[in-house]
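K.L.:
I would like the atomic coordinates for the input below:
(one chain, ligands or ions: 2)
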Amino acid sequence: MKTPDQPRRSALYLPASNPKAIAKARTLPADIIILDLEDAVAPDAKASARDAAIAAVREGGFGDREVAIRVNGVDTAWGADDLAAVAHSGVDAVLVPKVSTPSDIDRYDAALKDAPPSTALWAMIETCACVSQLDAIAARAETTRLSLFIMGVNDLAKEMRARLTPERTPFLPVLTLAICAARANGVVILDGVCNEFRDLGVFRTEAEQGRLFGFDGKTLIHPDQIAPCNEVFSPGTDELSWAHAVIAAFALPENAGKGAIRVEGKMAELLHLDEAERFIAMAARIRR
Ligand SMILES: CC(C)(COP(=O)(O)OP(=O)(O)OC[C@H]1O[C@@H](n2cnc3c(N)ncnc32)[C@H](O)[C@@H]1OP(=O)(O)O)[C@@H](O)C(=O)NCCC(=O)NCCSC(=O)C[C@H](O)C(=O)O
Ligand SMILES: [Mg+2]
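P.N.:
Ligands and ions are numbered 1, 2, ... in the order given. This next block holds a predicted model:
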């Protein structure tokens, strides 16, 4: 059964116009599968890709993986038909592109008003216009189906006219702002894609940067990126051993009522106890 707090370490995009990729996705260990109707699908294939995505969701076979459909923007030639079709598909989430304002979220939410309550609204963070309104956009999680952000670094690079290098220097402030807005409003947030799908060294470095910044997981474009991504976004052996040590130390009678203690030569506060419990719960969910 899918739960709101299930792991979201890896989210693989695939063009919904590619039946081989859809079949393969059912066998891959990604936590999330995103059937794309937007930028990965050519204009002539939009309508048939929409039908293929809905058919794939209805057919199922994705197991515990969450399945999302990324629709075309509501103001494009295909957006309204995409939204009408996906609203009744029973998909786990509808991912909407190029959100710029809080009212964009309201428009997409209204378009999904007849969808089952289990269908979530996920939003791409990839326009320059959204950057100054990230907190207000994330705050729509309170009043709409919005529950997850995904960074769109390719579109952001295009709009900013920035270069997308492995260090991602021009984007770091936006990544941080988006993470803070998401965290302040209880929204899950996934990092953008790494286009270098043949160089897993570059991919791993970028995934580790995303983990360091605080993302819950990363979006992917190729099956080869799934295993390193799951590894980077799972609590590591060192983190789990530290988490168990913190929990054990706070449980000692001599530490009862204390807010700050010494664990393995370092300070641990009650906030670290929360963090330790989060790691252990996450590891248990991944094992399940
Ligand atoms: C990038 C690709 C076009 C590369 O394709 P190709 O060269 O054909 O890859 P391989 O030959 O290595 O493929 C090996 C097998 O794996 C299957 N495959 C490949 N990619 C996927 C996938 N994403 N999901 C499932 N299966 C996949 C192939 O079919 C081969 O299978 P087999 O023949 O049985 O061995 C291609 O990987 C691709 O299309 N990737 C996804 C592109 C996509 O969806 N892009 C849109 C999202 S990215 C984006 O827009 C982010 C954001 O909006 C932003 O602004 O940044
Ligand atoms: Mg994009």
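K.L.:
Kindly report the residues of the stretch 51-200 of the chain close to ligand 1.
P.N.:
Met124, Glu126, Gly152, Val153, Asn154, Asp155, Gly192, Val193, Phe197 (CB under 6 Å from any ligand atom). C-beta: built from backbone N, CA, C; applies to glycine.
K.L.:
go with 5 Å
P.N.:
Glu126, Gly152, Val153, Asn154, Asp155, Val193 (CB under 5 Å from any ligand atom).
K.L.:
Tell me the pLDDT of the second one.
P.N.:
As summarised for this prediction, Gly152 has a pLDDT of 98.
K.L.:
you'd agree it is up against Met124?
P.N.:
Yes - the pair Gly152 and Met124 passes the contact test of CB atoms under 8 Å, sitting 4.5 Å apart.
K.L.:
anything in contact with each of these two?
P.N.:
By CB atoms under 8 Å, 6 or more residues apart in numbering, Gly152 and Met124 have these common neighbours: Pro97, Lys98.
K.L.:
Most distant residue from the centre of the protein?
P.N.:
Glu254 (41.4 Å; CA atoms, centre = their mean).
K.L.:
tell me the secondary structure for it?
P.N.:
helix (DSSP: H, G, I helix; E, B strand; the rest coil).
K.L.:
Which single helix of the chain contains the most residues?
P.N.:
Looking across the chain with DSSP state H, the single longest helix is helix 270-287.
K.L.:
Same question for that helix: list its buried residues.
P.N.:
Of the residues in helix 270-287, His272, Leu273, Glu275, Ala276, Phe279, Ile280, Met282, Ala283 count as buried by neighbour count, 16 or more other CB atoms under 10 Å.
K.L.:
who are the neighbours in contact with Ala80?
P.N.:
So Ala80 contacts Val74, Ala111 (CB under 8 Å, 6+ apart).
K.L.:
can you tell me the average pLDDT over the host helix or strand of it?
P.N.:
Using DSSP states H and E, Ala80 sits in helix 79-87. Helix 79-87 carries an average pLDDT of 97.
K.L.:
Quick check: neighbours of the following helix or strand past it in the sheet, parallel or antiparallel?
P.N.:
Sequence-wise, the next helix or strand downstream of helix 79-87 (DSSP H and E) is strand 93-96. Using DSSP bridges, the strands paired with strand 93-96 are strand 66-70 (parallel), strand 120-125 (parallel).
K.L.:
how about a markdown table for those strands, with mean neighbour count added?
P.N.:
A markdown table is the format used below for these (neighbours: other CB atoms under 10 Å):
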| stretch | mean neighbour count |
| --- | --- |
| strand 66-70 | 25 |
| strand 120-125 | 24 |
